[in-house]
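Asker: Provided below for reference: sequence and predicted model.
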Amino acid sequence: ITIDKFSEKKVPIAIVPFVDRSEPPFRHTDWNGLAAIITSDLKLTGWFDVIKPEAFLDIAKGEAINLDVGAIPFQKWAAIDADYLVKGYYEIKGKSASGKMVLYDVVSRKELRVFPFNAPNPNESGRKTAHQIANRIVEEITGEMGIFETYVAGTFKAATKFAAKQIFTCEIDGSRMQFR
């Protein structure tokens, strides 16, 4: 699918929750929620129809760990109307995180992009990694780089008479707001 102009039809994509290969499993919201952050990012563009996980839990259950293109049951993903599929894993070892995301073209039954990632501080880099992954997905499907590592700056004034304006920054999705 080539996206070169506005279309009413959004691109259907399934994003499988990433597998935690850490020993023992790493319990950190951003890493355990990679798929949710990527989903939020892609929805923000207005270009994607992200398929609800309830529609594919049975499909993903048996194949979540295997990223080999030959192990992907493309006919099952096509049956739930997915044009694209995202799968991946992460592993936390000590003070670093690594992993891999794979984007598949369900219609053509092929692997489109592999994105290995490394993060120096697993306690702070989960969101950043999710935004990087979303950027790569947008780039691969549309040909344009995503905007999810962008920060927005603005001013805020409380509704009281004597409140001073404050400058703030936040990620493009509104998260991590900081007043300066």
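Answerer: Looks like it arrived, so ask away.
Asker: Leaving out the residues flanking it, which one is nearest to residue 37?
Answerer: Ranked by CB to CB, 6 or more residues apart in numbering and with sequence neighbours excluded, the top spatial neighbour of residue 37 is residue 130, at 3.6 Å. Where C-beta positions appear, they are placed from N, C-alpha and C, glycine not excepted.
Asker: typed the wrong thing, it's residue 44
Answerer: Spatial nearest neighbour of residue 44, excluding adjacent residues (CB to CB, 6+ apart): residue 173 at 6.0 Å.
Asker: what about the one you found, distance to residue 125?
Answerer: Distance from residue 173 to residue 125, counting by CB to CB, to the nearest Å: 16 Å.
Asker: same thing with residue 155?
Answerer: From residue 155 over to residue 125 the distance is 29 Å, taken as CB to CB.
Asker: now swap in residue 137 and tell me
Answerer: Distance, residue 137 to residue 125, by CB to CB: 18 Å.
Asker: Looking at these two, which is more packed in?
Answerer: Comparing residue 137 with residue 125 by other CB atoms under 10 Å, the one with more neighbours is residue 137, at 27 against 19.
Asker: Now do the same contact list for that one.
Answerer: Residue 137 makes contact with 13, 38, 42, 84, 86, 103, 113, 146 under the criterion CB atoms under 8 Å, 6 or more residues apart in numbering.
Asker: Mind checking which residue lies nearest the centre of this structure?
Answerer: residue 38 (2.0 Å; CA atoms, centre = their mean).
Asker: before we move on, back to that, run through the residues that contact the residue nearest to residue 44.
Answerer: When contacts are counted by CB under 8 Å, 6+ apart, residue 173 touches 40-41, 44, 148.
Asker: which SS class is it?
Answerer: coil (DSSP: H, G, I helix; E, B strand; the rest coil).
Asker: lowest-confidence helix or strand of this protein?
Answerer: Every helix and strand of the chain was ranked by mean pLDDT, DSSP states H and E. The lowest is helix 29-32, at a mean of 65.
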